[in-house]
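Student: Here is a sequence together with a model predicted from it:
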Amino acid sequence: MTEQELARRERHAMVLGGPTTVLDYGGLRIVSDPTFDPPGPHDYLTRTAGPALPADRLGAVDLVLVSHDDHPDNLDTAGRAFALAAPAIVTCPGAAGRLGPTALGLAPWQSSSVPRPDGSPVTVTAVPAVHGPEDGERTPDGFVNCEVTGFVLSGQGLPTVYVSGDNASVATVAEIGRRIPGIDVAVLHMGAAHVPSKFGDRPLSLDSVRAAAAAAVLGSALVLATHYDGWDHFAEGREPIEQAFDAAGLAPLLHAPAHGTWVALTP
């Protein structure tokens, strides 16, 4: 990809592999869940493919979104360094305490604003996420698996964009849709992530059928698939996701292009 192709756009997104997504949104460059390590083991998880672009090819970044910092498939070593070098991080409260002074921790339904080049704001709203089955055992703080947040981005003249983070709950997506109606674009972490030792090997992120259900519940005009390859604990790749959306009659909504390819966020 040339420097011209990486030039900032008003409303485009590009998946780099794993959950890592670049959002050029209202003149800002926003990166969600940065993971830039090469393939190899990360404790009990194994990365099987590197990112479509290295971190140093992305240029200046205005904001990094971190859904959670507990798992290396969402924030690995190079991704953590990338996030800490950015001017600002928005994440969940627990992760903010660990990431340091540039990180803002938002509880669900709290919002913060980031100025666009024209001075108008992009609003970032934290929304709930359930990182496993609804009936999964909870941590002492009340989280399934760990604390995770999703995000909703909005701004004058811009599409409203939902970034799910590692959420496996369609009921949670329905609640988000009720409280923030009119979500135009859904960036969904899919892949049916699973770890045999957790929750009877049930999915920790949306499987293909639940992802299609989430899309139907939201009524978004465009769904961008992410978090479905690049790690060996992702059980479903692009093909079953496409099949599930086709079976649900939602194939026109789904976008799962080759990594490193821009997608317009205007349906």
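Tutor: Nice, thanks for sending it over.

Student: Hmm, Val66 is touching Thr91, no?
Tutor: Yes - counting by Cβ atoms under 8 Å, Val66 does reach Thr91; the two are 4.0 Å apart. For the C-beta atoms, the positions are set from N, CA and C on the backbone; glycine is no exception.

Student: anything in contact with each of the two?
Tutor: Both Val66 and Thr91 are contacted by 99, 103, under the criterion Cβ atoms under 8 Å, 6 or more residues apart in numbering.

Student: now stretch 33-47, how far from the chain's geometric center?
Tutor: Distance of stretch 33-47 from the chain centroid (Cα atoms, centre = their mean, to the nearest Å) equals 16 Å.

Student: make that stretch 99-115, sorry
Tutor: Taking mean C-alpha positions (Cα atoms, centre = their mean), stretch 99-115 and its chain are 16 Å apart.

Student: Alpha carbons only: can I get that stretch in CSV?
Tutor: Extracted in CSV, the C-alpha atoms of stretch 99-115 (Å, rounded to 0.1, in the frame of the first residue of the first chain):
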residue,chain,number,x,y,z
LEU,A,99,-1.9,1.7,30.9
GLY,A,100,-1.1,5.0,32.6
PRO,A,101,-1.8,8.7,32.2
THR,A,102,-2.6,8.8,28.5
ALA,A,103,-5.4,6.3,29.0
LEU,A,104,-8.9,7.4,29.8
GLY,A,105,-11.1,4.7,31.3
LEU,A,106,-14.8,5.0,30.5
ALA,A,107,-17.5,2.9,32.2
PRO,A,108,-20.4,1.8,30.1
TRP,A,109,-22.5,4.7,28.7
GLN,A,110,-19.9,7.3,29.6
SER,A,111,-18.6,9.5,26.8
SER,A,112,-15.6,11.6,25.9
SER,A,113,-14.9,13.9,23.0
VAL,A,114,-11.8,14.2,20.7
PRO,A,115,-11.5,17.3,18.6
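
Student: got the buried residues for it?
Tutor: Under the neighbour-count criterion of 16 or more other Cβ atoms under 10 Å, stretch 99-115 has 99, 103-106, 108, 112, 114 buried.

Student: Mind checking which of those residues are in helices?
Tutor: Leu99 (DSSP state H).

Student: With respect to Phe245, which of the buried residues of stretch 99-115 is nearest?
Tutor: Pro108 (27.4 Å; Cβ to Cβ).

Student: how about that closest one, what does it touch?
Tutor: 126-128, 149.

Student: Which of those fall in strands?
Tutor: Taking DSSP state E, the ones among the contacts of Pro108 that sit in strands are 126-128, 149.

Student: Thr266 in helix, strand or coil?
Tutor: Look at Thr266: counting by DSSP: H, G, I helix; E, B strand; the rest coil, its state is coil.

Student: wait, it sits on Arg11?
Tutor: Yes - if you go by Cβ under 8 Å, Thr266 and Arg11 touch, sitting 5.7 Å apart.

Student: If you count surrounding residues, which of those two has more?
Tutor: When neighbours are counted by other Cβ atoms under 10 Å, Thr266 and Arg11 differ, and Arg11 comes out ahead with 20 against 13.
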